[in-house]
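# Starting from these lines, generate the structure:
(4 chains)
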There are 2 protein chains.
Amino acid sequence: MKQSTSTQDYLKHIYELTECGLPASTNDMARKLNIKPASVTGMIQKLATEKPALVEYQKHQGVTLTPAGRRAALEVIRHHRLLETWLVQTLGYSWDEVHEEAERLEHVISEDFERRIAAALGNPARDPHGELIPTADLKMPEDDSTPLSALRPNQTATIQRVIAQDPNLLRHLESLGLTPGIQIEIMEYSPFDNNLTVKVGRKVNVLGLNITTKIFVEIK
Amino acid sequence: MKQSTSTQDYLKHIYELTECGLPASTNDMARKLNIKPASVTGMIQKLATEKPALVEYQKHQGVTLTPAGRRAALEVIRHHRLLETWLVQTLGYSWDEVHEEAERLEHVISEDFERRIAAALGNPARDPHGELIPTADLKMPEDDSTPLSALRPNQTATIQRVIAQDPNLLRHLESLGLTPGIQIEIMEYSPFDNNLTVKVGRKVNVLGLNITTKIFVEIK
DNA sequence: CGTAAAATTTAGGTAAGGCTAAATATATTT
DNA sequence: AAATATATTTAGCCTTACCTAAATTTTACG
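So this is what the prediction gives:
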């Protein structure tokens, strides 16, 4: 029942790649996991033939999670997000420093440890990036946020989550004041390059698609 | 420079087995690591031929640490003991619950994490069992304690450390009040079975060698 | 529709770190 | 000192999870 670190990483990444509803491709997996596509094929074939199958796999058709695989993925994601929250809150990590550390810890903490930090943090709903934390019974809460890239002038919104692990990007966003909970207002939209001019506090910034697709907001 | 979990475990156990000054035998290692003696031989041969050799090894003569191996071992031991301290102090673990969790975490935390918990704890000198924590520059502090088994009637002492990981033993000791910092007084000594009658607070207990060799004290 | 490009899979190999069984050293006993 | 017992090592094998190179799909396009 307890998977290897490697298996847990595969399941977590399949979960993330299939959130859009489509199967995860071998190539995308390889890129995300930083290993060769041939290795992905091999591993996925193994995961598909485990006793309770963890993934659904048809040659050349990509891979999806079975219910058992999804539970295992959510367990790891819960560990990761609780750990990030806890590193920030109790050890003073900043939001750009936590990912790497949580990436290693997530595979080795016990269920007891998980319960203890969840309780110590007051069972938080979101991690420092605003990502939703799967519940203790491994359900992923509904997310009703919209990508910032979909907003248009005169709309007002609150930043809910930021999808990024790259420390440089995170530090950049923080320097712009673009962090969860912050209010923003759309000033302009440029249809050719999809740039949005956004007011944050009293500052105004022009943001490209690269940024606006990674910030999710709740429209006022 | 960064070793595998397995290598770190070998080095840690060699450190512990050679604290008495003698090389660690293949059999003792196998028993401590819970693997077969043949596997130990193989692994030790590998450790002896690493680029900076981690162990000194002569066939049939047991194994000792090189300076590089000792540093690596102390690093892991520092992680372990800081983690135990921190699990107890910040997450409410009891001293019999921490060992297993620290055993897994010690291999994956970063140097940054180590520094942060050390600072948060105020650079503690000892872990919850009273064991000395190697310093940040990887020196093991001198220990001047005496095994309780060496005391005789009318001597008074303070418990300094308890060498045990078994949760049942630890819970038993706690129920007897035998924890670090506690004052004790020797009432009687039985030369045939080496039992000591010890006064702890207002309670008196008769302790066998199995216990008295695992408790180290500072004589008043 | 056929071909080139891109994606995927197969086949065979490697490094870690375990295991068992058999061989060899060392230690103990008589 | 021989004989047995115990400890250790060697040899050969297994699993996990990766890799490269070659074969095969699938997709995309002229």
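
# can you list the weak-confidence ranges in chain A?
In the predicted model, chain A carries no residue with pLDDT under 70.

# Alongside chain B, which residues does it contribute?
For chain A, the residues in contact with chain B (C-beta under 8 Å from any C-beta of the partner chain) are A:90-93, A:97, A:100-101, A:104-105, A:107-110, A:112-113, A:116-117, A:120. Yep, even glycine has a C-beta here, placed from its N, CA and C like the rest.

# let's see 7 Å
Counting by C-beta under 7 Å from any C-beta of the partner chain, the residues of chain A lying close to chain B are A:90-92, A:101, A:104-105, A:108, A:110, A:113, A:116-117, A:120.

# can these go into CSV with extra columns for neighbour count and secondary structure?
Output for the residues of chain A next to chain B, formatted as CSV (neighbours: other C-beta atoms under 10 Å in any protein chain shown; DSSP: H, G, I helix; E, B strand; the rest coil):
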residue, neighbour count, secondary structure
A:Thr90, 17, helix
A:Leu91, 19, helix
A:Gly92, 11, coil
A:Glu101, 20, helix
A:Arg104, 16, helix
A:Leu105, 24, helix
A:Val108, 18, coil
A:Ser110, 13, coil
A:Phe113, 21, helix
A:Arg116, 20, helix
A:Ile117, 20, helix
A:Ala120, 15, helix
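
# May I see these organised as CSV, with distance to A:Gln155 added?
CSV is the format used below for these (distance: C-beta to C-beta, whole Å):
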residue, distance to A:Gln155
A:Thr90, 37
A:Leu91, 37
A:Gly92, 35
A:Glu101, 36
A:Arg104, 40
A:Leu105, 39
A:Val108, 44
A:Ser110, 45
A:Phe113, 42
A:Arg116, 41
A:Ile117, 37
A:Ala120, 38
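
# Let me see the contact set for A:Gln183.
Residues near A:Gln183 by C-beta atoms under 7 Å, 6 or more residues apart in numbering or on different chains: A:156, A:158.

# again with A:Thr64
Counted by C-beta under 7 Å, 6+ apart, A:Thr64 has contacts A:18, A:23, A:55-56.

# is it true that it lies in a helix?
No. Assigned with DSSP: H, G, I helix; E, B strand; the rest coil, A:Thr64 falls outside any helix and is strand.

# and of the contacts of A:Thr64, the nearest to chain B?
Using C-beta to the nearest C-beta, A:Val55 comes nearest to chain B of the contacts of A:Thr64, at 25.6 Å.

# What residues does that closest one make contact with?
Contact analysis of A:Val55 by C-beta under 7 Å, 6+ apart lists A:14, A:44, A:47-48, A:63-66, A:69.

# ok, now A:Thr41?
A:Thr41 neighbours (C-beta under 7 Å, 6+ apart): A:Thr26.

# helix or strand for it, which one?
helix A:37-48 (DSSP states H and E).

# got the residues of chain A near DNA strand D?
Where chain A comes near DNA strand D, counting by C-beta under 7 Å from any atom of the strand, the residues are A:4-7, A:9, A:35-36, A:38-39, A:42-43, A:46, A:59-60.

# One more pass at 10 Å, please.
Counting by C-beta under 10 Å from any atom of the strand, chain A comes close to DNA strand D at A:3-10, A:25, A:30, A:33-44, A:46-47, A:50, A:58-62.

# Please, where are all the strands along chain A?
For chain A, the strands defined by DSSP state E occupy A:55-57, A:63-65, A:146-147, A:156-162, A:183-190, A:195-200, A:203-207, A:215-219.
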